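In: quick one, what's the 3D model for this:
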Amino acid sequence: MATVTASSGSPAASGPGEWGRLLEEVARTGRRLRRDELEALREYGGRCALAGRGLAELVDEQLAESGRVWAGQPVDGASMAALRAAVAALAGGHGRAYREQLHQEEARRREFVADLLSSRSDLGRLAEHAERFGLNLACAHIVAVADGDGYDPEDPLVRGVERQLLGRFGDQEVLLAVKHGRLVCILPAGPGESAAIQAFAELTGRRRVVVGRPHSGPGGAVRSYEEARSALEQANRLRLPGQLLSAADLLVLPVLLRDRVALEELVNGVLGPLREARGGAVPLLETLAAYADSRYVLAEAARRLGLSVRALSYRLDRIVRLTGLDPDDALQRYTLETAAFGARLLGWPDQSAAG
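Out: Residues are numbered from 1 along each chain as shown. Sure thing, here's the model as predicted:
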């Protein structure tokens, strides 16, 4: 190993050969290690960390050289103190460099994931950078988005979720990021994806999680992300039950919203008369939703609403009289259910946009 020159200009110990000579001097004189010698050991530990050498390897190297110097000789207190100080300096330098390297790698990782989830990214450059993280963007990837308000990349919760996911599924190229305050998980589609998504949902504190469909290519992740994000917002607006949802199961929502004017016309045309009911349209809309959610079983719908079957039947009769549509008729049921679903999407009757 080359001798490291400390900032004072005097030679200082770094590798095992220099450490051995320094230890012989300490044993002979009984002195303590100087500041420049300890700093040289820290610098050596830092260089080794950057070169990929582990701390255990460095400590073993120091101990082996110490054993060579001490062979057949009694070990005094000064020598042991020097060894402890040397190991502490090595560990300090190694740890400091390793942490800095981790922070830099995390920053690059966050920057890459931000680019991966941006529709404005240069896809060619993105594919090149993906290789650094062992990702093959030609394969299909899926994105899960957890509901949240103001997640921060430095939040202990985020770091804890990341550590646990990488610990369990690191070999599956799991990536975690924060986008617009929400926690986002990116992983390859295929075997193991269900377990990883389930773990992600559990680790986020049982918040609602929506999973996008798998898409291939450099732009596949952003497509899956946009699907999941949009479906999450719509599921929250509709107050849909369930903690873990799939965007594939909610594809009807963007279809309904694609022509907002037509949807508004449907809602106002079908459900507008419900405004005339005593108490307004909201209780009758809740009745339609509960009736549909209970698969049109009268007793179950009444239980969900906390009503008697007779009271629920009275509400349903009012819906039929006001709209002219009967939820017990298959075709008319579909029209009513679609209109009621659209009303929830639009926030009707509270939102003037559908008024």
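
In: helix, strand, or coil at the closest residue to residue 50 other than its chain neighbours?
Out: Closest residue to residue 50 apart from its sequence neighbours, by C-beta to C-beta, 6 or more residues apart in numbering: residue 97 at 5.6 Å. C-beta here means a position set from N, CA and C on the backbone, and glycine is covered the same way. Taking DSSP: H, G, I helix; E, B strand; the rest coil as the rule, one finds residue 97 in the helix state.

In: how much space between residue 97 and residue 49?
Out: Noted for residue 97: a distance of 4 Å to residue 49, by C-beta to C-beta, to the nearest Å.

In: more neighbours, the two?
Out: A side-by-side neighbour count of residue 97 and residue 49, using other C-beta atoms under 10 Å, places residue 49 first with 22 against 19.

In: so who does the more buried one touch?
Out: With contact set as C-beta atoms under 8 Å, 6 or more residues apart in numbering, residue 49 has these partners: 55, 93-95, 97-98, 101.

In: over to residue 31?
Out: 25, 78.

In: in the protein, where is pLDDT below threshold?
Out: For the chain, the stretches with pLDDT under 70 are 1-16, 119-125, 127-128, 131-134, 149-154, 170-172, 351-355.

In: and the strands in the stretch 201-350 of the chain?
Out: All strands of the stretch 201-350 of the chain, identified by DSSP state E, counting those that start in this stretch, fall at 209-211, 244-246.

In: partner strands of the last one, with direction?
Out: Counting by DSSP bridges, the strands paired with strand 244-246 are strand 209-211 (parallel).

In: other residues contacting the strand it pairs with?
Out: The list of residues contacting strand 209-211 from outside it, by C-beta under 8 Å, 6+ apart, reads 142-147, 197, 200-201, 228-229, 231-232, 235, 243-247, 250.

In: residues near residue 248, how many?
Out: Residue 248: 12 surrounding residues under other C-beta under 10 Å.

In: just to check, it is in contact with residue 215?
Out: No - in this structure residue 248 lies outside contact range of residue 215 using C-beta atoms under 8 Å: 11.7 Å.

In: re the thing from before, buried subset of the contacts of residue 49?
Out: Neighbour counting over the contacts of residue 49 (16 or more other C-beta atoms under 10 Å) leaves 55, 93-94, 97-98 as the buried ones.

In: closest to residue 42 out of these?
Out: For the buried ones among the contacts of residue 49, the closest approach to residue 42 (C-beta to C-beta) belongs to residue 93, at 3.2 Å.

In: which ones are touching the closest one?
Out: By C-beta under 8 Å, 6+ apart, the contact set of residue 93 is 41-46, 49.

In: a markdown table please, covering these and showing distance to residue 182 and secondary structure.
Out: Shown next, in a markdown table, are those (distance: C-beta to C-beta, whole Å; DSSP: H, G, I helix; E, B strand; the rest coil):
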| residue | distance to residue 182 | secondary structure |
| --- | --- | --- |
| 41 | 45 | helix |
| 42 | 41 | helix |
| 43 | 42 | helix |
| 44 | 44 | helix |
| 45 | 39 | helix |
| 46 | 37 | helix |
| 49 | 34 | helix |
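
In: how about residue 203: what's its closest non-neighbour residue?
Out: Spatially, and ignoring its direct neighbours in sequence, residue 203 is nearest to residue 161 (4.5 Å; C-beta to C-beta, 6+ apart).

In: so how far is residue 110 from the one you found?
Out: With distances taken as C-beta to C-beta, residue 161 is found 14 Å from residue 110.

In: element containing residue 185?
Out: strand 182-188 (DSSP states H and E).

In: ok, back up a step: which of the contacts of strand 209-211 count as buried?
Out: Neighbour-count burial (16+ other C-beta under 10 Å) is assigned, among these, to 142-147, 197, 200-201, 228-229, 231-232, 235, 244-247, 250.

In: go through those and flag which are in helices.
Out: Counting by DSSP state H, the members of the buried ones among the contacts of strand 209-211 that fall within helices are 197, 200-201, 228-229, 231-232, 235.

In: ok so, going back, more neighbours, residue 161 and residue 110?
Out: residue 161 (22 against 15).

In: looking at it, the more buried one is touching residue 176, isn't it?
Out: Yes - with contacts counted by C-beta under 8 Å, residue 161 reaches residue 176, the gap being 6.5 Å.

In: got any residues that touch both of those two?
Out: residue 183.

In: now do stretch 187-197: distance from first to last residue.
Out: Chord length of stretch 187-197, first to last residue, is 9 Å (C-alpha to C-alpha, to the nearest Å).

In: adding distance to residue 321, write the ones in helices among the buried ones among the contacts of strand 209-211 out as CSV.
Out: Below are these laid out as CSV (distance: C-beta to C-beta, whole Å):
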residue, distance to residue 321
197, 46
200, 48
201, 44
228, 42
229, 41
231, 36
232, 38
235, 32
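
In: many thanks, we can stop here.
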